[in-house]
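Visitor: predicted structure and sequence below. I'll ask about it afterward.
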Amino acid sequence: MSTPADEGDAASYNERFPKSHRLKRRRLIRALFDRSRTDTGTVAAGCVRLVFRVATPQEVGADVPVQVGFAPGPCPTAVARNRVRRLLRESYRRHQHTLTELFDEREGAVLTVMALFRGNPGAPEAVHQDLPRALEQAARRLRDA
């Protein structure tokens, strides 16, 4: 039996996605899409677009480093919409360490992110390549800021 330490660095990350890390509050989501705000950022990679904003723990109401929401966009059927949402969540869960490590050290800052799918709902498999690239771009932009 192997342990996570035996399998390398990628396996040692916590890949859980607890409910406290889910972006659900309407006022936090609305703040991400408010065009009059200047504290939001956006990055796009392929079929995925990330909209993000740094908030305070008092605004969020939880002591977590990152809160993420997922929007699959317009899909012809509920089955396609749920598949896209499931793929977005799974891909984020596997690559969340990109953002959580960045905000674990930041005291008094919580990153709120909305992941938007803007591709073809009939072929959502590109999410597995595009979401990690978008997360890396967002992390790079947040490090530089």
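Guide: Nice, thanks for sending it over. Because the structure is predicted, anything quoted here is derived from the model rather than measured. Residues are numbered from 1 along each chain as shown.

Visitor: residue closest to the middle of this structure?
Guide: Nearest residue to the geometric centre of the chain (CA atoms, centre = their mean): residue 68, 4.7 Å.

Visitor: for it, helix, strand, or coil?
Guide: Under the three-state scheme (DSSP: H, G, I helix; E, B strand; the rest coil), residue 68 adopts strand.

Visitor: contacting residues around the residue nearest to it when sequence neighbours are not counted?
Guide: Distances taken as CB to CB, 6 or more residues apart in numbering put residue 113 closest to residue 68, at 4.7 Å, once the chain neighbours are dropped. No exception for glycine: its C-beta is placed from N, CA and C like everyone else's. Contacts for residue 113 (CB atoms under 8 Å, 6 or more residues apart in numbering) come out as 23, 50-52, 66-69, 99, 138.

Visitor: so residue 63 touches residue 21, yeah?
Guide: No: using CB atoms under 8 Å, residue 63 is not in contact with residue 21; the gap is 11.3 Å.

Visitor: just the contacts of residue 113 now: which is nearest residue 107?
Guide: residue 66 (14.4 Å; CB to CB).

Visitor: pull the number of nearby residues for the spatially closest residue to the closest one that is not a sequence neighbour.
Guide: What sits nearest to residue 66 in space, not counting adjacent residues and going by CB to CB, 6+ apart, is residue 111, at 4.6 Å. Residue 111 has 23 neighbours, counted by other CB atoms under 10 Å.

Visitor: which stretches of the chain aren't confidently modelled?
Guide: The model of the chain has pLDDT under 70 over residues 1-13.

Visitor: go again with 80.
Guide: Across the chain, the ranges flagged by pLDDT under 80 are 1-14, 122, 145.

Visitor: residue 67 and residue 16: what is the separation?
Guide: 14 Å (CB to CB, to the nearest Å).

Visitor: between these two, which one's more packed in?
Guide: Neighbour totals were compared for residue 67 and residue 16, and residue 67 leads with 22 against 8 (other CB under 10 Å).

Visitor: can you pull the contacts of residue 15?
Guide: By CB under 8 Å, 6+ apart, the contact set of residue 15 is 93-94, 96.

Visitor: so which of the residues you listed is the most crowded?
Guide: residue 96 (21 neighbours).

Visitor: contacting residues around it?
Guide: By CB under 8 Å, 6+ apart, residue 96 lies in contact with 13, 15, 17, 21, 66, 68, 135.
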